[in-house]
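**Student:** After the sequence you'll find the predicted model.
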Amino acid sequence: MKEKINLLSKGIFDYGYPDIRVSENRLDLEIEAGSRFSGEFELHAINGVEIRAKVFSSNKQMHCEETDIIGAHHVIHYAFNAENMEAGEKAEGHISIISNGGEIHIPYIVTVRSPYCMT
């Protein structure tokens, strides 16, 4: 304990870094033209250290509901807006997570298909 106090008094702080695992490494989505798709993935610090992160997408059509994260486990909800896209179009990008445990990029590709009816 004395050693720890000495380190703190010298301005040396020992912070643990989270070992982050993501439930999805890549998102491959197929969406009907003119619709909106919602999904989620999880972030988890397997060593229990609190994650502090910012989350954002490289494409304005992909929106992440949670942009600021604090905690050892978190669910990120996302939505892709294909309302102005035609069948056959594709959108690519990545969701970036900039954290105290490093940077994580989850690439995604969205393929827009024609609407159809199930009979």
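**Tutor:** All right, it came through fine.

**Student:** rest of the way, CA atoms for contacts and neighbours
**Tutor:** Will do.

**Student:** Let's verify residue 3: helix, strand, or coil?
**Tutor:** helix (DSSP: H, G, I helix; E, B strand; the rest coil).

**Student:** roughly how far apart are it and residue 64?
**Tutor:** When distances are taken as C-alpha to C-alpha, to the nearest Å, residue 3 and residue 64 turn out to be 43 Å apart.

**Student:** out of the two, which sits in the busier spot?
**Tutor:** A side-by-side neighbour count of residue 3 and residue 64, using other C-alpha atoms under 10 Å, places residue 64 first with 19 against 8.

**Student:** Work out for me the element the nearest residue to that one once chain neighbours are set aside sits within.
**Tutor:** For residue 64, the nearest residue in space outside its immediate sequence neighbours is residue 78; the separation is 4.4 Å by C-alpha to C-alpha, 6 or more residues apart in numbering. Under the assignment given by DSSP states H and E, the secondary-structure element containing residue 78 is strand 73-81.

**Student:** who does that strand touch, helix- and strand-wise?
**Tutor:** Of the remaining helices and strands, those touching strand 73-81 by 3 or more C-alpha pairs under 8 Å, 6 or more residues apart in numbering; DSSP states H and E are strand 36-45, strand 62-64.

**Student:** please redo it, this time with the cut-off set to 10 Å
**Tutor:** In terms of contact count using 3 or more C-alpha pairs under 10 Å, 6 or more residues apart in numbering; DSSP states H and E, strand 73-81 is assigned the packing partners strand 20-22, strand 27-32, strand 36-45, strand 51-57, strand 62-64, strand 68-71.

**Student:** give the contact list for the residue nearest to residue 64.
**Tutor:** The neighbours of residue 78, taking C-alpha atoms under 10 Å, 6 or more residues apart in numbering as the test, are 37-41, 56-57, 62-66, 95.
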